[in-house]
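Asks: just the structure for this:
(2 chains)
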Amino acid sequence: MKNGLVLDINTNKKQTYVKFIVKTDGFYRQTVGEKETKFSILSKIEAIDEAVQKATAFASNAGFGDDALFGIDMAVREALANAVKHGNQLDETKQVEVTLINLESGMEIMIRDFGKGFDVTEVPDPTNPENLLKASGRGILFMHNFVDKVEWQRHAEGGMIVKMIKNC
Amino acid sequence: MAELNLTERQAGDITILDMDGKVTLGEGSVALRNTIRRLLGEGKKKILLNLGGVGYVDSSGIGELVSSFTAVNKEGGTLKLLNLTQKIQDLLAITKLLTVFDVFENEGEALSSFD
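Replies: Alright, predicted model coming up:
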């Protein structure tokens, strides 16, 4: 936070805390939720909605406004869809892990699958004229559009992690 | 309640599908796909999708709109879009699909454009 005042009150050891971030432009973000949460979902389409709702509830408690919540909703939904469908191949014996961290400058979202992994540079650009009429392949474009930073890493023990940052 | 409700109206030889709900991966996308397939099977090839009641579309939903468009075109028909929310227009802009779809804000104008 540049040129701002942060008042951070930890209320207990579970990291539930109240934080006011006062910016010099007069706007402030009030966070009342957890600092970090982690949960897993089964690799099925029906599990995505509830996980997205958990992420947006966490972001709402972290003080994000409606536009940012919409962006987080879209990006998390796409990342989960990729992890469930393409990563874990809808194999319900494999889980998708979601980690949400409330940062001073925003929110970090990490989503891990247990699939074979992929090279993001090899994913075709869906906005190329030759790909415009394809039925799929736009998820990564949406993720880039709705959060401030997206990066993929192969996990040392297998699977992929996508890490996204949404600035406040 | 279903994720996406589709109500069919007829204006001459044009079929208007009033869409209400979400077009997302899973149920919503499948409902649209099945309805378009059925309409084409019934020989209804002029289709106007009224998205006025659709508040949320993900990349799978955008993909389903594209699939609907190409399926109708393949049968020699025409599919157009009506009443997009700003958010959906933004998604079509991001994906550069605004140049692909014929998009209208007024139903009368949309219907006349099929002539």
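
Asks: once you drop chain neighbours, what's closest to residue B:107?
Replies: residue B:82 (6.0 Å; CB to CB, 6 or more residues apart in numbering or on different chains). All C-beta spots, glycine's among them, are computed from the backbone N, C-alpha and C.

Asks: find me the pLDDT at the one you found, would you?
Replies: pLDDT, residue B:82: 98.

Asks: got the phi and psi for it?
Replies: For residue B:82, the backbone dihedrals (degrees, to the nearest 10) come out as phi -130, psi 140.

Asks: check residue A:40 too.
Replies: Given degrees, to the nearest 10, the pair of backbone angles that residue A:40 has is phi -130, psi 150.

Asks: let me know the secondary structure of the most far-flung residue of chain A relative to its centre.
Replies: Within chain A, the residue lying farthest from the chain centre (CA atoms, centre = their mean) is residue A:130, at 29.7 Å. Secondary structure state of residue A:130, per DSSP: H, G, I helix; E, B strand; the rest coil, is helix.

Asks: could you point out where the chain is predicted with low confidence?
Replies: Chain wasn't specified; assuming chain A. A:1-32 (pLDDT under 70).

Asks: um, chain B though
Replies: By pLDDT under 70, the low-scoring segments of chain B are B:1-2.

Asks: flag every residue of it that's near chain A.
Replies: B:24-26, B:58-60, B:62-64, B:66-67, B:69-70, B:87, B:91, B:94-97, B:100 (CB under 8 Å from any CB of the partner chain).

Asks: distance-wise, check residue A:61 relative to residue A:69.
Replies: In this view, residue A:61 and residue A:69 are 11 Å apart by CB to CB, to the nearest Å.

Asks: and the next element down the chain from the longest strand belonging to chain B?
Replies: Longest among the strand segments of chain B by residue count, using DSSP state E, is strand B:46-57. Remark: after strand B:46-57, the chain's next helix or strand is helix B:59-74, criterion DSSP states H and E.
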